[in-house]
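[1] Return atomic coordinates for the entry below.
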Amino acid sequence: MTGLRPMEFGEVLDGALTVFRRHFGLFLKLSLAVMWLSIAVGLYIRLRYLNFDGAQTPDQVIGALQGQFVPAAIWGAVWLLLYGAGMLLLTAGSIRVISDSLLGREPQLGEALALGASKIVPLFLVGFGKWLLIFLVAIVSVVVLSVVAAAGRGAGAGIVGLVFLLGMVGTFWLVLFITCGYIVTTPVVVLESLPSAFDSFGRSWELTRGVKLRMLGLVIVAYLVAGLLPALVVEAVGALVLELIPGAAVAWSVVPSIVSVMLTPIVPCVLTLAYYDRRVRREGFDLQLLSEQLGVG
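    Numbers count the residues shown, from 1 in each chain. Okay, here's the model as predicted:
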C-alpha cells in the first residue's frame with residue numbers, strides 16, 4: 001500500500017496484512033524484543049503453578065493452586081504488568097514501522113523500539129486509566145442492577161429476571177461503546193502533541209465519533225485473525241501431537257507462545273491504519289504531516 005487515503009473496512013484489514021507480510025521479519029524481531037519476558041513469565045506460571053501435563057481439567061487447575069494462591073497471584077500480577085507494557089511498546093513500534101513504510105522509508109528496529117521507549121510512561125498511564133475507567137463503569141453498572149433487582153422483588157421473579165438480563169445486556173453494550181471510543185488512545189499519544197497525555201481520551205473519542213461500531217468490527221476481525229483462529233488450530237494440532245507423543249507436553253506448551261509472538265503485531269497494524277483513516281477523513285491528514293510528527297525528513 002502507498003500513501004494516505006480514506007479506506008473502506010476491507011481495505012484497512014488488507015492494508016494491515018500487506019504491511020505485516022512485507023515487514024514480517026522486522027515485526028517478529030520487534031515482538032520478540034518487547035514480549036519475550038512476559039512470555040517467559042507466563043510459561044513459568046503455567047509450568048510451576050498449573051502443573052502442566054497435557055490436558056488440564058478445571059478441578060486439576062484448582063488442585064494445583066491450593067496452597068499456592070498468593071505466590072501464583074503475585075506472579076500473575078507481574079505477568080499482567082509485563083504483558084501490558086510489552087503490548088504498549090509493540091503498538092508504538094508498529095506505528096513507527098507502518099509510518100515509515102507509508103513514507104517510503106525502510107523501517108528500522110532501533111527506531112521502532114526508541115519510539116516506544118520514549119512514550120512508555122504516558123502510554124502506561126493512559127492505558128491504566130482507560131482500563132480502570134472501563135472496570136469502574138462495569139462494576140458500578142452491576143451494583144446498580146443488583147440494587148434495582150433487590151428493590152423490585154415484589155414485582156415477581158420473572159419481571160426482576162428480565163430487567164436484570166436487559167440491564168446486563170445494556171452494561172455489556174456500554175462497556176463496548178466506551179472501549180471503542182478510547183480505542184485509538186495509543187496512536188494519539190505516540191503521534192500527537194497534546195498538552196497532557198490524558199487529553200488523548202477526548203481526542204480518541206472525537207476521532208471515533210460515529211464509527212465506533214466500525215472500529216469494533218475491525219478489532220474483532222483482527223483478533224480473530226491474530227488470536228482466536230490460530231489458537232484453535234494450535235490446540236487441535238496439539239491434541240493430536242500429545243496423543244501420538246504424550247511426553248511432548250512440556251515442549252509443546254511453548255508453541256502457542258511462539259505463534260502468538262508471530263501474529264500479535266497484526267492487531268496494532270489494524271488499529272494504526274484505522275487511526276490514520278479517521279484523520280484522513282476528518283482532517284485531510286497527509287504524508288507531510290505524518291513526516292513532521294515523526295520528526296523525519
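[2] Give me the longest helix you can find in this structure.
    helix 69-102 (DSSP state H).
[3] Identify the residues contacting V270.
    V270 makes contact with V12, L13, A16, L218, V219, V221, A222, according to C-beta atoms under 8 Å, 6 or more residues apart in numbering. All C-beta spots, glycine's among them, are computed from the backbone N, C-alpha and C.
[4] Please point out which parts of the helix or strand hosting it sit buried.
    Per DSSP states H and E, V270 falls inside helix 266-283. Neighbour-count burial for helix 266-283 flags 266-280 (criterion: 16 or more other C-beta atoms under 10 Å).
[5] ok, these vs V241, which is closest?
    I266 (25.0 Å; C-beta to C-beta).
[6] Could you check the pLDDT of the closest one?
    On the pLDDT scale, I266 is placed at 92.
[7] which helices and strands sit right next to the helix or strand just after the longest helix of the chain?
    Note on helix 69-102: by DSSP H and E, the next helix or strand toward the C-terminus is helix 109-118. Identification of packing neighbours for helix 109-118 by 3 or more C-beta pairs under 8 Å, 6 or more residues apart in numbering; DSSP states H and E yields helix 24-49, helix 69-102.
[8] Pull the residues that contact helix 109-118.
    With C-beta under 8 Å, 6+ apart, helix 109-118 has contacts from 26, 29-30, 33-34, 88-97, 100, 123, 190.
[9] which stretches of this structure have low pLDDT?
    By pLDDT under 70, the low-scoring segments of the chain are 1-3, 50-67, 152-157, 250, 296-297.
[10] Nearest residue to A72 in space, please, no chain neighbours.
    Of all residues beyond its chain neighbours, the one nearest A72 is Y49 (4.3 Å), with distances taken as C-beta to C-beta, 6 or more residues apart in numbering.
[11] these two touch, right, the one you found and A73?
    No. At 9.7 Å, Y49 does not count as touching A73 under the criterion of C-beta atoms under 8 Å.
[12] And those two? Which one has more around it.
    Y49 (18 against 12; other C-beta atoms under 10 Å).
[13] From W131, how far off is M87?
    Plainly put, M87 is 12 Å away from W131 if you go by C-beta to C-beta, to the nearest Å.
[14] more crowded one of the two?
    Neighbour count, other C-beta under 10 Å: between M87 and W131, M87 has more, with 20 against 13.
[15] Next, the contact list for that one, please.
    M87 neighbours (C-beta under 8 Å, 6+ apart): M35, T264.
[16] can you check the one 10 residues further on too?
    Listed by C-beta under 8 Å, 6+ apart, the contact set of V97 reads V19, H23, L26, F27, L30, P107, A112.
[17] How about it: what's its closest non-neighbour residue?
    Of all residues not flanking V97 in the chain, P107 sits nearest, at 4.2 Å (C-beta to C-beta, 6+ apart).
[18] I appreciate the help and will end here.
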